[in-house]
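>>> sharing a model that was predicted from the sequence below.
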Amino acid sequence: MPVAASFIPLLATMSGNAAVMEAEGLGADLIEVQLASNFAGEQETRVAPGQETPAVTTPAAEPEIEADDALIEGRKRPGQQRQLPDKVSQENPGAVRPPPPEAFPADSFPVPDRWRLIESLGLVKERWFDPYHQNTLKGDRPIDRSKVKWLPIREDDWFFALNAVSDTVVEPRSFPIPVGVQTTDRPGSNDVFGRTNSLVLAQTFIVGAALIKGSTAYKPPDVEYRLTLAWQVNHVDVPERRVLFVEPSKPTHRTDDFLGVQEAFLDYHLANTSDRYDFRSIRVGIQPFNMDFRGFLFQDNQLGIRLFGNRDNNRFQFNLGAIWRLEKDTNSGLNDVTQSPRDDWTLFANVFRQDFPFPGFTSQLSATLNINREADDIEIDDNGFPVRPALLGNLRGRDYDIGYIGLSGDGRIGRINLTHSLYAALGEDRNSIFTDRKAEVRAFFAAAEASYDVNWARFRLSGLFASGDGDPYDNTERGFDAIFENPIFAGADTSYWIRQTIPFAGGGRVIGIQGRNGILNSLRSSKEQGQSNFNNPGTMLLGAGADFDLTPEFRLSGNVNHLWFHKTEILQALRNEGSIPNDIGWDLSTAAIWRPKATQNIVFRLSGAVLDPGKGFRDLFTNARRDDRYYSVLMNAIVTF
């Protein structure tokens, strides 16, 4: 049996006994016996065979040493258990015993009012005017019920969120301004279009408050009450009479103000449908609606009811609702709740699917029905101009039922950012403005914008097609019109054509080629108060643009768009002209945006746009001064709390 390597130093100190035994031919077993005897504290002498055995002397017994005690600290022989010391117990009569471990299933336990814990530790000091840090007025902490005993709430998970916005607009501009029929501000002039320069000043204050139940970090609120009011003061100065007021005797400038109700709704959480907080909720009242990603069909705050929710870990979202349109204030565009709602309803249903058909891309399928019963209404706006029915064609009121089937998408395909919308407008116009008969509506719309990011720059391409009507006297209306558009597309309100209204003088009265903050050439009396019109020339657009984020606070943008009418037969019939070219012209714009805090709380914008008219625009709007170009400058400051 071999000797363990750890015992070799011990063998060398055993007075040469091992060497003697090896020389006399004794085996390894005897070496092991001798080694064991020495460890046991015994002294034994062995002699070679044939020799007399000497007397053996056995010394007094010594305490036995355990093998484990002789080894390195922490080592022990397998299967041996050292005796543990007696259990230490500590008695504390009358003390409160801690709860058992099973009372705390998690690694942490709740602390009362955890939202104010860091303030109690002196790490944060709340200031009511600071929106950048934790603030009870911004919904970061629940309401302290002891300070608002008059508020009818019972639980400790109610939050209050206050929002305030100041929106300032200074807008010098020029556009074709028709000369009044009865009089002009410049006696002796008899041209159809007069001077073009005008100025708009507008200051809007928006204040909104919400009372919310439930912690909304991972799930929708249980209950939400929200109210938002907007007050605007505006001033307009134009060079011609009968532009701002129907009466020729009134001046060429106007100052007006209005208070509108932009939100007033109750949002109620019906149920959670999964442990990932998929949900169903219902919202009733004046609320924001947007039928697609870019506001092509309907984007407004209106009175309605909406059932909405999601499924499959938020991969599916759905909306089902109805809208009853409110009247608008003429000069501010804000909701006027002092008037009865319009006889105009919109029913809609849509579903969104994330990561379809590509990861990072969201697709939307929608169905929308617009029901209008205002054929017998006569509506005069606040400045004395008729808006329903429109003073176009036969000047008669209309009823219509139009269904919109839409397919939209927004997201990313590889490194390409893409957004698109496709719509088919199908339905019936009960009284066509050219034939006084029923007409089928068969109109189509397509728009897409693709962009590519290179470091701090984004390059964009835009395209839009809205079909026009090529025969105003048949029984089919093919001009596409939206319900209430507010497009974020091709430069949005930086663009001249989207920002400004171009009056269609000579073919209708108080009619615009397109509406303010709209891109469609719809020939409506007013986007806010008028009706949709499917007898229109249609719109085509091709554009390119770029955004440059020079710093986190500063961005430069530029856009170049070329616009055409799709069909001009409607314009020819209304103007009694033999031919009108399709070319509207070039729309060039640029904008600078500065966010001094690198947030959306303070935003300054300065933009400028120029319309270089094409042959079609010049044919319609040539004036005495032969203005070659029209401009728009927008200075905007937004401060948000």
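In hand now; what should we look at?

>>> just grab the bridge partners of residue 264 for me.
For residue 264, the beta-bridge partners are residue 227, residue 286 (DSSP bridges).

>>> I figured it hits residue 283, correct?
No: using C-beta atoms under 8 Å, residue 264 is not in contact with residue 283; the gap is 11.2 Å. Using the backbone N, CA and C atoms, a C-beta is placed for each residue, glycine as well.

>>> tell me how far the closest residue to residue 508 other than its chain neighbours lies from residue 373.
Using C-beta to C-beta, 6 or more residues apart in numbering and skipping residues adjacent in sequence, the residue nearest residue 508 is residue 392, 4.1 Å away. Distance of residue 392 to residue 373, given as C-beta to C-beta, to the nearest Å: 19 Å.

>>> the two: which is more packed in?
residue 392 (22 against 16; other C-beta atoms under 10 Å).

>>> report pLDDT for that one.
Residue 392 carries a pLDDT score of 91 in this model.

>>> with the one 5 residues further on instead?
Among the per-residue scores, residue 397 shows a pLDDT of 90.

>>> list the contacts of it.
Contacts for residue 397 (C-beta atoms under 8 Å, 6 or more residues apart in numbering) come out as 374-378, 388-389, 431.

>>> picking that back up, ok, the residue nearest to residue 508 touching residue 525?
Yes: judged on C-beta under 8 Å, residue 392 makes contact with residue 525 at a distance of 7.5 Å.

>>> list residues touching both of the two?
With C-beta under 8 Å, 6+ apart as the test, residue 392 and residue 525 both reach residue 511.

>>> which residues are in contact with the residue most central in space within the chain?
Compute the mean C-alpha point of the chain, and by C-alpha atoms, centre = their mean the closest residue is residue 293, 9.6 Å away. For residue 293, the contacting residues are 364, 408-410, 419, 421, by C-beta under 8 Å, 6+ apart.

>>> next one: residue 405
366-367, 423-424, 426.

>>> and those, which is closest to residue 472?
The shortest approach to residue 472 among those belongs to residue 426, at 19.3 Å (C-beta to C-beta).

>>> could you find the closest non-adjacent residue to that closest one?
Residue 426 sits nearest to residue 403 (C-beta to C-beta, 6+ apart), 5.2 Å away.

>>> so the one you found sits in a helix?
No: using DSSP: H, G, I helix; E, B strand; the rest coil, the assignment for residue 403 is strand, not a helix.

>>> got the contact list for it?
Residues near residue 403 by C-beta under 8 Å, 6+ apart: 367-370, 425-427.

>>> hmm, try it at 7 Å
369, 426-427 (C-beta atoms under 7 Å, 6 or more residues apart in numbering).

>>> how about residue 154?
Per C-beta under 7 Å, 6+ apart, neighbours of residue 154: none.

>>> go again with 10 Å.
Contacts for residue 154 (C-beta atoms under 10 Å, 6 or more residues apart in numbering) come out as residue 145.

>>> what helix or strand does it sit in?
Following DSSP states H and E, there is no helix or strand that holds residue 154.

>>> quick check: it vs residue 213, distance?
Following C-beta to C-beta, the distance that separates residue 154 from residue 213 is 10 Å.

>>> check residue 425 too.
41 Å.

>>> how about residue 305?
20 Å.

>>> what's the answer for residue 349, then?
28 Å.

>>> so in terms of bridging, what pairs with residue 465?
residue 446, residue 540.

>>> in stretch 450-470, what's buried?
451, 458, 460, 462, 464-470 (16 or more other C-beta atoms under 10 Å).

>>> err, stretch 294-307, not the other one
294-304, 306-307.

>>> want to throw the residues you listed into TSV with distance to residue 605 and secondary structure?
Shown next, in TSV, are the buried residues of stretch 294-307 (distance: C-beta to C-beta, whole Å; DSSP: H, G, I helix; E, B strand; the rest coil):
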residue	distance to residue 605	secondary structure
294	19	coil
295	19	coil
296	23	coil
297	26	coil
298	25	strand
299	20	strand
300	22	strand
301	22	strand
302	27	strand
303	31	strand
304	31	strand
306	31	strand
307	37	strand
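
>>> which of these lies closest to residue 581?
The closest of those, once distances to residue 581 are taken by C-beta to C-beta, is residue 296, at 26.3 Å.

>>> so the closest one touches residue 421, yeah?
Yes: with contact defined as C-beta atoms under 10 Å, residue 296 reaches residue 421; the gap is 5.0 Å.

>>> overlap in contacts, these two.
406, 408, 445-447, 464, 487, 489.

>>> and which of those residues is nearest residue 414?
Closest to residue 414, out of all of these and judged by C-beta to C-beta, is residue 408, at 19.7 Å.

>>> now that closest one: which helix or strand?
Under the criterion of DSSP H and E, residue 408 resides in strand 399-413.

>>> before we move on, the earlier item: my guess is the residue nearest to residue 508 meets residue 575, correct?
No: applying C-beta under 10 Å as the test, residue 392 and residue 575 come out as separate, 11.9 Å apart.

>>> how close does the residue nearest to residue 426 sit to residue 98?
If you go by C-beta to C-beta, the gap between residue 403 and residue 98 works out to 68 Å.

>>> which residues of the protein score low on pLDDT?
Filtered on pLDDT under 70, the chain yields the residue ranges 1-82, 90, 94, 96, 101-114, 180-192, 623-627.

>>> quick one, helices of it?
For the chain, the helices defined by DSSP state H cover 8-11, 17-23, 28-39, 67-70, 117-120, 496-499, 569-575, 615-621.

>>> what sits against residue 143?
Residues near residue 143 by C-beta under 10 Å, 6+ apart: 136, 151, 153, 155-160, 211-212.

>>> among the contacts of residue 293, who's most crowded?
That'd be residue 421 among the contacts of residue 293, by other C-beta under 10 Å, with 26 neighbours.

>>> excluding sequence neighbours, find me the nearest residue to it.
Using C-beta to C-beta, 6+ apart and skipping residues adjacent in sequence, the residue nearest residue 421 is residue 408, 4.3 Å away.

>>> that neighbour against residue 420, yeah?
Yes: counting by C-beta under 10 Å, residue 408 touches residue 420, with 6.5 Å between them.

>>> overlap in contacts, these two.
Taking C-beta under 10 Å, 6+ apart as the criterion, residue 408 and residue 420 both touch 292-294, 363, 447.

>>> so residue 348 touches residue 289, yeah?
Yes: if you go by C-beta under 10 Å, residue 348 and residue 289 touch, sitting 8.0 Å apart.

>>> so which of the two has more stuff around it?
Here residue 348 and residue 289 are compared on neighbour count by other C-beta under 10 Å; more neighbours surround residue 348, at 23 against 18.

>>> what sits against the more buried one?
289, 291, 297-298, 304, 306, 319-323, 366-370, 404, 406, 483.

>>> rerun that using 6 Å as the cut-off
Contacts for residue 348 (C-beta atoms under 6 Å, 6 or more residues apart in numbering) come out as 321, 368.

>>> quick thing: my sequence starts at 206, can you match it?
Noted, 206 is the first residue going forward, which turns the last one into residue 553.

>>> what about it, distance to residue 504?
Residue 553 sits 12 Å away from residue 504 when distances are taken as C-beta to C-beta.

>>> counting neighbours, what do you get for the residue nearest to residue 434 when sequence neighbours are not counted?
Leaving aside its sequence neighbours, residue 434 sits nearest to residue 412 (C-beta to C-beta, 6+ apart; 5.6 Å). Number of residues near residue 412 (other C-beta under 10 Å) recorded here: 14.
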